[in-house]
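>>> Pasting a predicted model and its sequence here:
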Amino acid sequence: MIDLVWLIPLLPFIGFLINGLGRNVLPKPLIGTIASLAVIGSFAISLSIFLTFDAAQPQVIHLFDWINVGSLSIPFAFQIDQLSIMMLLIITGIGSLIHIYSAGYMSHDTGFGKFFAYLNLFVFFMLLLVMGSNYVIMFIGWEGVGLCSYLLIGFWYSNGAYADAAKKAFIMNRIGDLGFLLGVFLIISTFGSVSFTEIFPKAAGMVSGDATLILITILLFIGATGKSAQLPLFTWLPDAMAGPTPVSALIHAATMVTAGIYMIARSNILFALSPVTLDIIAVIGLLTAVVAAFIALTQTDIKKVLAYSTVSQLGYMFLGLGVGAFTGAFFHVLTHAFFKALLFLGAGSVIHAMSNEQDMRNMGGLRKKLPITFLTMLIGTIAIAGLPPFAGFFSKDEILAHVYEHNKLLWIIGLFGAFLTAAYMFRMMFLTFWGNFRGTEDQKHHLHESPVSMTFPLIVLAILSIVGGFMGVPHALGGHHWLNEYLSPVLAATNNILPALSLDHATEYMLMGISVGGVIISIIIAYVKYVSKGYVPKEEELQSGISKLSYNKLYLDELYTAIIQKPLDALSAFFFKVVDKSGIDGLVNGLGKVSIEASKTLRLLQTGNVGFYIFAMVIGIVAVLVYSFIII
Amino acid sequence: MGLLSILIFVPLLFGLTILLLPKKYSQSYKYFTVAVAVIQLAITAYLYCQFQTGAAFTGVNQLDSYQFKEYLPWIRLDIGKFGALQIDYLLGVDGFSIPLLFLSALVMLIAALSSWEIKENHKGYFSLMMLLNTAIMGVFCALDIFLFYVFYELMLLPLYFLIGIWGGVRREYAAIKFFLYTLLGSVFMLLVIAGLYFSVIDPLTGNHTFNMVHMMNPQNYVPDGIFSFLAHQDILGIPARLLGFIVVFIAFAIKVPIVPFHTWLPDAHVEAPTPISIILAGVLLKVGGYGIIRIAYSIFPDVALNLSFYIGLLGVISILYGAMVALAQTDLKRLIAYSSVSHMGFVLLGLASLTSEGISGAMMQMISHGFLSVMLFFIVGVVYNRVHDRYIYNFRGLATHMPIYTGFVMIAFFASLGLPGFSAFIAEAFSLIGAFNSESVNGLIPRWMAILGSFGILLGAAYLLWTLQRMFFGQLRVKEENWLIKLKDLNVREILTLVPLAFFAILLGVIPSLVFNIINTSVNQFILLFT
């Protein structure tokens, strides 16, 4: 089966070609079917590889020699191991569900064919990213998903604000990509290769804290902060909600934004040997987690809440990586993919029912009208809040347990962020599904549960959000953490360097107790405020006190405009107007003018007056005589 | 008569035919031009496929290993005590020239196809185009430096008239600026060529020679020649070889163009008609890069090696400065012109690293920028021909109105901003890899140059996406109501013009070895000059 691995990215690419070329010709049902089947086909192959793969070593499938220049050779090859297999399952599995969902969600859109072409192209690049056996192929996928993200955020480009959001996303990603690119350059000059299987064994022999390794890992991490929306580069992700909701679910929650974590997990040995970088990652991750949760508390757009929650959860994943919990962080990637895709698709179902209304202040009481959407979203919310036995509990707890062992202060802040998570998520649920309907009569009239093509993916994802956590039940709860064992070949070298979790079971029970207790209290507080008291946030209240800071996203966008964009524009204008126009061109034109003026002046000597010529001649002769007889 | 001669003189022949044909056939001239370009494209494609690589085909300083060589003694003049004047008609290609020949033929075809916009004085226009074509092909084939210089200067004349007569409002200013800038560079170069002639002898005949391949071998220099490697002569207190290199380098740097010798370019581009902009960006700038490799670097390797730091620095400055100035533009064509300055900076940076990655990247960048800049200028021409306006703020939301056009614009823009999958990514990445590795491989240029250079890629994304967003997205709105009728989507001829360019940009991005494998042998031979 592993010989067919090249088909996994090829199928969505073929889907892209067919739908791209036939977007205006083919009937909509056919387009949706082709696109979905392409991804489902990839899922089937991925699943059969998952079921049959048992090698302890990564399998490199060499397709062809791509570039050979000087001493550098870049093969076009795929690497199949436990890490890439898990990512393949997530991308193609959740990808399939979202394709099916989109066939319903986008059915009224005129750009239906274009949408599915882009979506297939995205899956292709995402697969390239996780399957590449070297950093260059990974980078190609990395930039490719950035392109698709750009195209899909700006899908409704005739809205100028949406097109702006797309541009912002691409440029902020590019800032990160620059770090990634420089990291790859440094890898090339250090290891003379870009292939994982050549770099990692060499790196494993280096000493911990090697300066070059620290530099490489910091550069790679800068790449990750762009793609995975971490401080200071996260502000593009909430704006990216301009894209159609299935896009938010697939790209901006389940897959693309986790690429940064995948990249670090893939390069785990490099990071494990760079403790300085790990500390930086932990701090940045934690800061992002808390800041985003703080902002999410006051947002009124249902998708914005989910977007900030994604940023925050990604922060937890980086926190996990930073404290050396590679399995835990990756575990959270998987469970987060389930419940966050679910929540976004649920939000899409709500928006669909509400005739494109996204402001929660105009919703309320929807649980009776949208029972399936409500139930599935409730499951997703419980899962993200981290109540057992739902998926999020196990993964978040594993991260927090590692943090606790690593540093108590980080743990307290992280725990606080987790309580905030429960609070803003249930706030969202209460505002949307409880209370009285606050929309227009027209909207009320149209309220309806979504079609099967949309509810079916919700149900599947809800089930996964319930049971997904069982792949990593800790020993303290009588499990044997299947995921940890499964991933152990990939993390073997790292596990030799970083200490394993050594908490006793009593401590683990205590940690779980504190976090579950705090989450329940947060939910109760939210319930009292938004259900019992029926509070609905008002604009003027959001614009005062500490809410103002949260509601306006800490004014980060304004800050970036002031410290980066404005000076850059001023410098450009200076270069153009002063250096180029006045400076260089001034000199060039000045030279021209001087020669013209000089010729004009000299021309005046040619008067045509013979007497003047004779006079000049005599003066000249005298001058020559004086020069040759007197001076010399 | 060999294929290279046919390649060079077919356009001249057709140009004469155009001159002789009565005016009533003037509508047929453009088809002549297209026919010539198709013939040339076929010949260069054939040459490209027949081109051999390997130890016996290195080119550079090995005269015997050049391919498709043609040799005719051209001028033999006994000049008394100075021996015999020897100028040869010597043609040949190696890995550095063959891809540029193919590129030139393709660019000439695109230029011919975009000449439909020319409305007046067809006879003069198309015969000058043919003359220009001959000169361009000659430059890339000539191995005798005198012959090279003849072709090189021959390019200037038709370009001057093509801009000065068929250009925009300020065409005369632009034409004279272009003319003086380039002439200034090449006049001094002529002195160096004369100096080289008296310093070098043909090892077979014992005469002084203009053969540039002989000039690359130190043992062909007469011991007391002005440019002799050993004599260390001074001119005005400056070492002669240093001065020679600088003069030649500046002559070609003006063509590339490298900051601060670039200000002719935006003016020339803005005023030139679309096909001439296409030739300027697609081929002319590459003549500069080719000249630096073939003449400045190959004949003065010792000096080039010592000046690597400054050359790399000029490259980095061009990359960043060009991109920054592009960011401040409101005229679409001027923006593209400055983006050329930025992109050509990568050529210099890659070259200065003197690593095979860097030089391969530089060559790739010349070819890639050839396709992409042509595409970009053609795209500007599409809007300009329809409404005679290029001011970016006068357009908004064109994507809904001209979807096919927007599709090509997006391909060209994303390719230019270095997205993987397109040729520019490979080219810029390898230029930067070379520059980055140089510090540890040969210590010629420091690492921060590569780091700063890579910021050019970021700035490229900034100005291109800003333009895309400003002109093509949002609600449809243009300056004047009747523009909406004039702004028709692309016609078949325009689509057929853009397709091959997009095709090559993607082809070389996906299979870069099509170029890398062809140039590899010569690149390695070239590096040997510096050891």
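Yes, it's here.

>>> Grab the longest helix from the chain for me.
All of this is about chain A. The single longest helix within chain A, with elements called by DSSP state H, is helix A:160-191.

>>> that's the wrong chain, I wanted chain B
For chain B, assigning by DSSP H, the longest helix comes out as helix B:356-387.

>>> Can you name the element that comes right after that one?
strand B:395-396 (DSSP states H and E).

>>> strands paired with that following strand, and their directions?
Counting by DSSP bridges, the strands paired with strand B:395-396 are strand B:477-478 (antiparallel).

>>> what comes into contact with the partner strand?
B:387, B:394-397, B:484, B:487 (Cβ atoms under 8 Å, 6 or more residues apart in numbering or on different chains). Every residue, glycine included, has its C-beta placed from N, CA and C.

>>> Quick one: residues contacting A:Ser355.
A:442-443, A:446.

>>> got it, and A:Lys553?
A:235, A:238, A:295 are the contacts of A:Lys553 under Cβ under 8 Å, 6+ apart.

>>> please redo it, this time with the cut-off set to 6 Å
Counting by Cβ atoms under 6 Å, 6 or more residues apart in numbering or on different chains, A:Lys553 makes contact with A:Ile295.

>>> Would you tell me which residues of chain B are close to chain A?
Contact residues (Cβ under 6 Å from any Cβ of the partner chain) of chain B with chain A: B:260, B:263, B:324-325, B:327-328, B:356-357, B:360, B:399-400, B:419-420, B:433, B:436-437, B:440, B:454, B:458, B:461, B:465, B:469, B:473-475, B:512, B:516.

>>> try 7 Å
Applying Cβ under 7 Å from any Cβ of the partner chain, we find that chain B lies next to chain A at B:260, B:263, B:321, B:324-325, B:327-328, B:355-357, B:360, B:397, B:399-400, B:414, B:419-421, B:430, B:432-433, B:436-437, B:440, B:450-451, B:454, B:458, B:461-462, B:465, B:469, B:473-475, B:512-513, B:516.

>>> doesn't A:Gly113 make contact with A:Asn24?
Yes - applying Cβ atoms under 7 Å, one finds A:Asn24 in contact with A:Gly113, separated by 6.4 Å.

>>> the more surrounded of the two?
A:Gly113 (25 against 10; other Cβ atoms under 10 Å in any protein chain shown).

>>> Which positions in the helix or strand of chain A with the lowest mean pLDDT come out as buried?
Counting by mean pLDDT, DSSP states H and E, chain A has its least confident helix or strand at helix A:539-542, which shows a mean of 78. Neighbour-count burial for helix A:539-542 flags A:Leu542 (criterion: 16 or more other Cβ atoms under 10 Å in any protein chain shown).

>>> starting at the chain centroid, how far to that helix?
How far helix A:539-542 lies from its chain's middle: 31 Å, per Cα atoms, centre = their mean, to the nearest Å.

>>> Just give me how far the helix or strand that it is followed by sits from the chain centre.
Downstream of helix A:539-542, the first helix or strand assigned by DSSP H and E is helix A:545-551. From the chain centre to the centre of helix A:545-551 is a distance of 26 Å (Cα atoms, centre = their mean).

>>> Please name every helix or strand in contact with helix A:545-551.
Applying 3 or more Cβ pairs under 7 Å, 6 or more residues apart in numbering or on different chains; DSSP states H and E, one finds that helix A:545-551 contacts no other helix or strand.

>>> The helix or strand just after that helix packs against which elements?
Sequence-wise, the next helix or strand downstream of helix A:545-551 (DSSP H and E) is helix A:556-560. Helices and strands touching helix A:556-560, by 3+ Cβ pairs under 7 Å, 6+ apart: there are none.

>>> List the buried residues in helix A:556-560.
For helix A:556-560, by 16+ other Cβ under 10 Å, it's A:557, A:560.

>>> what about the longest strand in chain B?
In chain B, with assignment by DSSP state E, the single longest strand is strand B:67-78.

>>> Sheet-wise, list the partners of that strand with their directions.
Applying DSSP bridges, strand B:67-78 is found paired with strand B:84-93 (antiparallel).

>>> just checking, next helix/strand downstream of the strand it pairs with?
Going down the chain from strand B:84-93, the next helix or strand is helix B:98-113, by DSSP H and E.

>>> And the contacts of that following helix?
Contacts with helix B:98-113, where a contact means Cβ atoms under 7 Å, 6 or more residues apart in numbering or on different chains, come from B:30, B:33-34, B:37-38, B:40-41, B:44-45, B:47-48, B:51, B:93, B:133, B:136-137, B:140, B:275, B:278-279, B:282-283, B:286, B:290, B:363, B:366-367, B:370, B:374, B:378, B:493, B:497, B:500-501, B:515, B:518-519.
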